[in-house]
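Asks: could you look at this predicted model? Sequence included:
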Protein chains: 2
Amino acid sequence: MTRIALDVMGGDFAPAATVAGAVEAMRAHDLRPVLVGDKQRIAEELAKLHVGTEEFEIVAAPSVVEMNEQPASALRQKRDSSIIVAAELLKEGRADALISVGNTGATMAAGVLVIGRSEGVIRPAMAGLLPSNTGRVLLLDIGANADCTPAELVQFAIMGSIYARRIVGVDDPRVGLLNVGEEPVKGSRLYRDAHELLDGSPVNFVGNLEGVDLFSGEFDVVVCDGFTGNVAIKLMEGVGDFALGRIRQDVRSSPLAILGAFLMRPTLRSLKRTFDYAEWGGAPLLGVNGLVLIGHGRSDARAVANGVRAAQAALDVGLVEEMAAGLKAAAETA
Amino acid sequence: MTRIALDVMGGDFAPAATVAGAVEAMRAHDLRPVLVGDKQRIAEELAKLHVGTEEFEIVAAPSVVEMNEQPASALRQKRDSSIIVAAELLKEGRADALISVGNTGATMAAGVLVIGRSEGVIRPAMAGLLPSNTGRVLLLDIGANADCTPAELVQFAIMGSIYARRIVGVDDPRVGLLNVGEEPVKGSRLYRDAHELLDGSPVNFVGNLEGVDLFSGEFDVVVCDGFTGNVAIKLMEGVGDFALGRIRQDVRSSPLAILGAFLMRPTLRSLKRTFDYAEWGGAPLLGVNGLVLIGHGRSDARAVANGVRAAQAALDVGLVEEMAAGLKAAAETA
């Protein structure tokens, strides 16, 4: 049986939402994550849901890296924090996957410092699989690295291509660079330099794209720095929320619109899910020696349960092994 | 009568779309922009629309800064380009406003080099007025400066606050910094430093916000670098396009959804307009000594006509005079 370590103490609504998410994962998906965190508080949350502590394996981790802490120094000081203890379970082979909806920087740092990077990887990247007009598009980095170098963007392109080829099943993934214009001279210095490097890289680099073309179906992998990517996915969520709010408001003022909204409900719901980062259930951190999923800080119980399910799905397709094999092959042909 | 100079040669579909936009501005809004560009080609485009050249004032500018040119060097070499000639009209008082849907960097450079910055302004910024749950939110910079310093972001906050106070009519505008988390330590180095500077600045700085909160109504002005801002507004457009495409697709497969979409048509159309940057008709460049509007490169005739109308509206509220007075007052109290 696979073992998925859940960082129970991380996230805006932890430990209530994370424990409730674990219970939902058990009830809805028959998955029982290993709960890593404060034993007393986990027991209290389980009791509220009328679930006995014997239902889950619980690993004690008394402290927590708060959302507002600087990741590197927090990790040095808090060796007994839930994210470090969970990462050590993965490192030692006592867990097969780790999921956290806590401090993204801390999870990224735990991935690098405790679990370790895959050979040749400078910085791991968070990847989000979005829908496109013709299939799927992988956007990375969506939040692991706020400051990036051009060489790191090239490596994101390589890791993204491996993911698209081996996990999504695209033969020769088309890679785009998220930018403010299609011309190579467009963008900040980072993006102008990255464009040049990507042009000479082994990936199938198609060129720059603007945000409006992200869903066009012309790209399988889209690369950006983690600041831009994180702003982007949270903005999608904002646009979706705003649009649904506006629809609800309009609906109140017109009986015909009420009917219209009712008839379109399945479509609107599916769109909401598409653009809601919390619904994805965690984005994989590519380039570390283990399966690490990072979820939205605002994740509720359902999002946490989705995350546990997403971790199981990534284990099922052998994401980490496929990435490692792909990186090895890329290094050999380079 | 006010005179609005239109850079006819700039834009992905120029001069056809720009000339057609001028004709639409005349027919729909009773506004006649001054057409700046290649006289021969303007005459040809007007002829296609059965409009005589005597209907518009035409100012000759034989060359054009193409979308893929480096702005600074192009402007040095092409003194007779449409954007330079149009900027000179504004500088010399022979036009009251300038609108271009061409190379954004070139329009920005023409604004700085030909028209000149307002006193004390380091870099002008493009501002976009978006809807929010409670009113409006001004996002800047949305594309004038791909690389920014923390001090420039503070100045964007000052200019945005002046705009919100004097043009939108908000008493004490709440300023937010677009970021990847609410905590001050979040984000790239630029954003961490900008957060600190904004904290000690005269604007009413509320703190960081994530993309999901852009439309929350908790902020009147949201500041970011021009790369992030430009990616953001074009992504909004992409999300809108994708969502409508998905709705159209779903509708085809279900008669009930056809009815639903029909009943909701006004709402869906208004949402599309809200998130389509081309529909805005040009974003003002704040911090230059004249009214400069920069439109979407893909603007069609209607978007260009909207731009002419937006320029007239900005002239009517005295945007440039209000910004200058606001900047002067800010400098005196600093």
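Replies: Sure thing, it's come through.

Asks: tell me where the stretch 1-150 of chain A has strands.
Replies: A:4-7, A:34-37, A:58-60, A:97-100, A:125-131, A:136-140 (DSSP state E, counting those that start in this stretch).

Asks: hey, where'd the helices end up in chain A?
Replies: Ranges of helices within chain A are A:16-29, A:39-48, A:71-77, A:82-91, A:104-110, A:150-163, A:189-199, A:226-252, A:255-263, A:265-275, A:277-280, A:301-316, A:319-333, based on DSSP state H.

Asks: alpha carbons only: can I get the first one in PDB?
Replies: Once non-C-alpha atoms are left out, helix A:16-29 reads as follows in PDB (Å, rounded to 0.1, in the frame of the first residue of the first chain):
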ATOM      1  CA  ALA A  16      -9.200  21.800  10.800                       C
ATOM      2  CA  ALA A  17      -9.300  21.800   7.000                       C
ATOM      3  CA  THR A  18      -6.400  19.300   6.500                       C
ATOM      4  CA  VAL A  19      -7.800  16.800   9.000                       C
ATOM      5  CA  ALA A  20     -11.300  17.100   7.500                       C
ATOM      6  CA  GLY A  21      -9.600  16.600   4.100                       C
ATOM      7  CA  ALA A  22      -7.900  13.400   5.300                       C
ATOM      8  CA  VAL A  23     -11.300  12.100   6.500                       C
ATOM      9  CA  GLU A  24     -12.900  13.000   3.200                       C
ATOM     10  CA  ALA A  25     -10.100  11.300   1.300                       C
ATOM     11  CA  MET A  26     -10.800   8.200   3.400                       C
ATOM     12  CA  ARG A  27     -14.600   8.300   3.000                       C
ATOM     13  CA  ALA A  28     -14.800   9.400  -0.700                       C
ATOM     14  CA  HIS A  29     -11.600   8.000  -2.200                       C
END
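
Asks: now do it and helix A:39-48, the angle between them.
Replies: 50 degrees (axes from the mean of the first three to the mean of the last three Cα atoms, to 10 degrees).

Asks: among the helices of chain A, which is nearest residue A:141?
Replies: Judged by Cβ to Cβ, the one of the helices of chain A that comes nearest to residue A:141 is helix A:226-252, at 3.9 Å. From N, CA and C alone the C-beta is placed, and that goes for glycine too.

Asks: tell me who's in contact with the spatially most central residue of chain A.
Replies: Chain A has residue A:283 as the residue nearest its centroid, 1.5 Å off, counting by Cα atoms, centre = their mean. Residue A:283 makes contact with A:126-128, A:142-143, A:293-295, according to Cβ atoms under 8 Å, 6 or more residues apart in numbering or on different chains.

Asks: and the pLDDT at the spatially closest residue to residue A:121 that is not a sequence neighbour?
Replies: Excluding the flanking residues, the one nearest residue A:121 by Cβ to Cβ, 6 or more residues apart in numbering or on different chains is residue A:287, at 3.9 Å. Note on residue A:287: pLDDT of 96.

Asks: for residue A:287, grab the count of nearby residues.
Replies: 30 (other Cβ atoms under 10 Å in any protein chain shown).

Asks: tell me the spacing between it and chain B.
Replies: 19 Å (Cβ to the nearest Cβ, to the nearest Å).

Asks: returning to that earlier point: for the residue nearest to the centre of chain A, which residues make a bridge with it?
Replies: Beta-bridge pairing of residue A:283 under DSSP bridges involves residue A:294.

Asks: would you mind listing what in the stretch 1-150 of chain A touches chain B?
Replies: Applying Cβ under 8 Å from any Cβ of the partner chain, one finds that the stretch 1-150 of chain A approaches chain B through A:67-70, A:104, A:131-133, A:143, A:146-147.

Asks: now list the buried members of the residues you listed.
Replies: If you count burial by 16 or more other Cβ atoms under 10 Å in any protein chain shown, the buried members of these come out as A:67, A:69-70, A:104, A:131-132, A:143, A:146-147.

Asks: of these, closest to residue A:156?
Replies: Of all those, residue A:156 sits closest to residue A:143, with 12.1 Å by Cβ to Cβ.

Asks: mind checking if stretch A:253-270 is in reach of chain B?
Replies: Yes. Residues of stretch A:253-270 contacting chain B under Cβ under 8 Å from any Cβ: A:256-257, A:259-264, A:266-267, A:270.

Asks: weed out the non-buried ones from those residues.
Replies: Listed as buried from those are A:257, A:259-261, A:263-264, A:267; burial here means 16+ other Cβ under 10 Å.

Asks: if we can go back for a sec, distance check, the residue nearest to residue A:121 against residue A:329.
Replies: In this view, residue A:287 and residue A:329 are 15 Å apart by Cβ to Cβ, to the nearest Å.

Asks: what about residue A:118, how many neighbours?
Replies: Using other Cβ under 10 Å, residue A:118 has 19 neighbouring residues.
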